[in-house]
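Engineer: Turn this into a structure:
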Amino acid sequence: MARVASEEHELRRVIDEDREVDGLGADDLLAIYRSLILLRTYDERSVVYHRQGRIGTYAIFWNHEAMQAGSVHALADEDWIFPSYRESAIGLLRGIPASTVLHWWRGHPAGWWNPAEHRVASICVPIGTHVPHAAGLAWGEKLKGSSAVAIAYFGDGATSEGAFHEGANFAAVMQAPLILFCNNNQWAISTPLEAQTRAEALSDKAVGYGMPGVRVDGGDVLAVYEATREAVERGRAGGGPTFIEAVSYRAAPHATADDPRVYIDLDRVEEEKRNECVGRYEAYLRRLGVLDDATAEEIKNDALETMRRGIAAAEAEPEPDPELVFDNAYVLPPPGLREGWDG
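Structural biologist: Alright, predicted model coming up:
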C-alpha cells in the first residue's frame, strides 16, 4: 500500500500569503465572517453567563472559531456534524437556536435537538467516543447511496484514546466518507502534546490507516475551509476518509473550572491573543476591500442581538419537573429512591 501522508509538516496557509480561494466571492467571504463573529460572541457571552452563575462549567473555544466556521462552510446541508464539547455552539451555524445551546450548558431538557433536523449530532463530552459513531453514520450514508459526508471534531488528546483509533480504522477499511478533524491546540487539559505522542505531527497518524493526512493553520479560516472542501470532495467521490490536523495554541483556559497559569506558556498565550483568528480574517477582508466599518459593526450588532434573544428565551423557559430524573432513568424506579425523594 502506498504511503499517503506527506513527509512535509508545513502548515497550509491562505491569509498570511494573501492568497484567494477559488470559488469564494465577496458574499461567501462575508458569510464566513458572520459565522466567526457569531461564534466569538457566543463564547464571550457564555463566559460572562457562567460568571454570573447562570450556567455551569463552560468549555471555552475562544480563538478556535476559525476551525469551526471554516470547516462548516465547506460542507453541504446534507452533511453531518459530530461535535465535541469544544464545538458546543457549532449548531448555531446550522440554525440551532442560541437558547437551545445555552440550555444544554444549563442541564435543561430543552437543551437538546433532533439530530436529523439539523444534521448535527449530540455534543460529545467523553473524549473521542463520537468518532466511531461518525464513522458508522458515514458508512451508512455510503451504503444507502447518499452523497453525504460526516465530520467529527476532536482535540489532540483524543488521538490518544482507543475510540479514535477504532473509528479511524473502521472508516478507512470501509472507505467511509468521513473527515477526522483534529483541533490540535497543543494541550489535553494540562497535558502537553509532547507528553502524548512521539509522532512529529498528528497528521502522520493517518499513514497507519491508509488515508491522507493534512496540516493547516488552525487560526486561518480560509486554509481550514480549503482543506475541508478538498476532504469533502474526496469523500463524495468515494475516496474514503481524510485526517485534518488544524494546529493552533490554546489561548484561553480549558474550561471555566481550569486555571492554566500553573502549566501553560503565558508568553505564547499573549502572542496568540495578538494574532487571534477573528482579527486576522477581519484584516484580510479589509485588505481585499470586502469589509468596511459599517458592515463590521452591523454584523457584530446582529450577533449580540442573537445572544440577547437567546439568553432571554433560555431564562424564560420554566424549570424542568424533577420527576423527569426518574421517568427517563428507570423503567421501574427503586422504591427506596422514590421514598427518599418524597421525604
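Engineer: Please, where are all the strands along the stretch 151-300 of the chain?
Structural biologist: Under the criterion DSSP state E, counting those that start in this stretch, the stretch 151-300 of the chain contains strands at 178-184, 187-188, 191-192, 213-217, 242-247.
Engineer: how far away is the closest residue to D292 other than its chain neighbours from G310?
Structural biologist: Distances taken as Cβ to Cβ, 6 or more residues apart in numbering put R286 closest to D292, at 7.7 Å, once the chain neighbours are dropped. For the C-beta atoms, the positions are set from N, CA and C on the backbone; glycine is no exception. R286 is 29 Å from G310, where distance means Cβ to Cβ, to the nearest Å.
Engineer: I'd like to know how many residues surround G310.
Structural biologist: Other residues near G310 come to 20 when the count uses other Cβ atoms under 10 Å.
Engineer: these two touch, right, A223 and V216?
Structural biologist: Yes: shown here, A223 and V216 form a contact pair, counting by Cβ atoms under 8 Å, at 4.5 Å.
Engineer: Which neighbours do those two have in common?
Structural biologist: Jointly contacting A223 and V216 under the rule Cβ atoms under 8 Å, 6 or more residues apart in numbering are L11, R12, R13.
Engineer: Need the residues you listed in a markdown table (columns: secondary structure).
Structural biologist: Below are these laid out as a markdown table (DSSP: H, G, I helix; E, B strand; the rest coil):
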| residue | secondary structure |
| --- | --- |
| L11 | coil |
| R12 | strand |
| R13 | coil |
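Engineer: Between these, which sits nearest A227?
Structural biologist: A227 has its nearest neighbour among those in R12, at 5.9 Å by Cβ to Cβ.
Engineer: In contact with that closest one, which residues?
Structural biologist: Residues counted as contacts of R12 (Cβ under 8 Å, 6+ apart) are V214, R215, V216, D217, D220, A223, E226, A227.
Engineer: At which residues are the helices of the stretch 201-343 of the chain located?
Structural biologist: For the stretch 201-343 of the chain, applying DSSP state H, counting those that start in this stretch gives helices covering 221-236, 266-274, 277-288, 293-316, 324-327, 335-342.
Engineer: W105: which of those helices is closest?
Structural biologist: Closest to W105 of the helices of the stretch 201-343 of the chain, according to Cβ to Cβ: helix 293-316, at 9.3 Å.
Engineer: what does that closest one rub up against?
Structural biologist: The contact list for helix 293-316 (Cβ under 8 Å, 6+ apart) reads 30, 33-34, 37-38, 40-42, 45, 49, 54, 92, 97-99, 101-103, 106, 108, 110, 282.
Engineer: where does the stretch 1-150 of the chain dip in pLDDT?
Structural biologist: 1-8 (pLDDT under 70).
Engineer: show me where it has helices.
Structural biologist: With DSSP H, counting those that start in this stretch, the ranges of helices along the stretch 1-150 of the chain come out as 26-51, 65-72, 98-106, 115-118, 130-143.
Engineer: ranking those helices by burial, who's on top?
Structural biologist: helix 65-72 (a mean of 28; mean count of other Cβ atoms under 10 Å).
Engineer: E305: how many residues sit nearby?
Structural biologist: E305 has 11 neighbours, counted by other Cβ under 10 Å.
Engineer: Can you give me the distance of it to I299?
Structural biologist: Distance of E305 to I299, given as Cβ to Cβ: 11 Å.
Engineer: same question, M174
Structural biologist: Note on M174: its distance to I299, by Cβ to Cβ, is 41 Å.
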